[in-house]
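[1] kindly generate the corresponding structure for this input.
(one chain, ligands or ions: 1)
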Amino acid sequence: MKTVIYPGSFDPFTNGHLDLVTRAEKLFDRVIVGVAINSGKSPMFSLEERKELIEKSCAHLDHVEVVTIKGLLVDAVEEYQANALLRGLRAFSDFEYELQMALMNRNLRRGCETIFMTPTLKNSFVSSSLVKEIAKYGGDLENYVPAPVLEAIRNRK
Ligand code: PNS
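    Numbers count the residues shown, from 1 in each chain. Coordinates of the predicted model:
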């Protein structure tokens, strides 16, 4: 049984994230989406709201669970007996930060591996921060976020 944790702040969960979860589900027996705290960001939705939106967005996927992670990722890896962490790499600019995190996590917990997956071309430019900016100015987000997230953003205004 191979378990992977896909951590992120997911504020909000986008079609790019959903695409990654959908493809990861074909490679792993169990995909745990871990809604974690990024201390450098001030979120639009609370951890619990984000968890609920991801659960709704992934309701059609059988091997996906959503959890909140309030501490270190390496502790969640231990708790859920995960085989690896999964992160998306959209562009070269993501690489430096991702490499640093992957190396730090393996230093914090020996054997903690990070696997990277690339997005489908269609989603390669979609990011939570751009989604938030478009939301702020009332732009159309229909092509970029799953329906439950779209509804939550519309209700938030
Ligand atoms: O989607 P993001 O904001 O790029 O995700 C970053 C996140 C939440 C994965 C990162 O901030 C994180 O790992 N937070 C949990 C605390 C932790 O383990 N920090 C050490 C990372 S080396």
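
[2] what comes up buried for stretch 108-123?
    Neighbour-count burial for stretch 108-123 flags 112, 114, 117, 119, 123 (criterion: 16 or more other C-beta atoms under 10 Å). In short, each C-beta sits where N, CA and C put it, glycine included.

[3] do stretch 32-51 as well
    32-36, 43-45, 47, 49-51.

[4] cool, stretch 70-80 as well?
    Quick answer for stretch 70-80 (16+ other C-beta under 10 Å): 73-74, 76-77, 80.

[5] stretch 82-92 now?
    82-90.

[6] which one of these is nearest to the ligand?
    Arg87 (7.5 Å; C-beta to the nearest ligand atom).

[7] bridged to that closest one, which residues?
    Phe116 (DSSP bridges).

[8] give me the pLDDT value at it.
    pLDDT for Arg87: 98.

[9] isn't it up against Thr114?
    Yes. Counting by C-beta atoms under 8 Å, Arg87 touches Thr114, with 6.0 Å between them.

[10] what is in contact with the two at once?
    98, 101-102 (C-beta atoms under 8 Å, 6 or more residues apart in numbering).

[11] quick check: residues of this structure near the ligand?
    Residues of the chain lying close to the ligand by C-beta under 6 Å from any ligand atom are 7-9, 36-38, 41, 72-73, 101, 104-105.

[12] and the strands in this protein?
    Listed from the start of the chain, the chain has strands (DSSP state E) covering 3-8, 30-36, 64-69, 84-88, 113-117.
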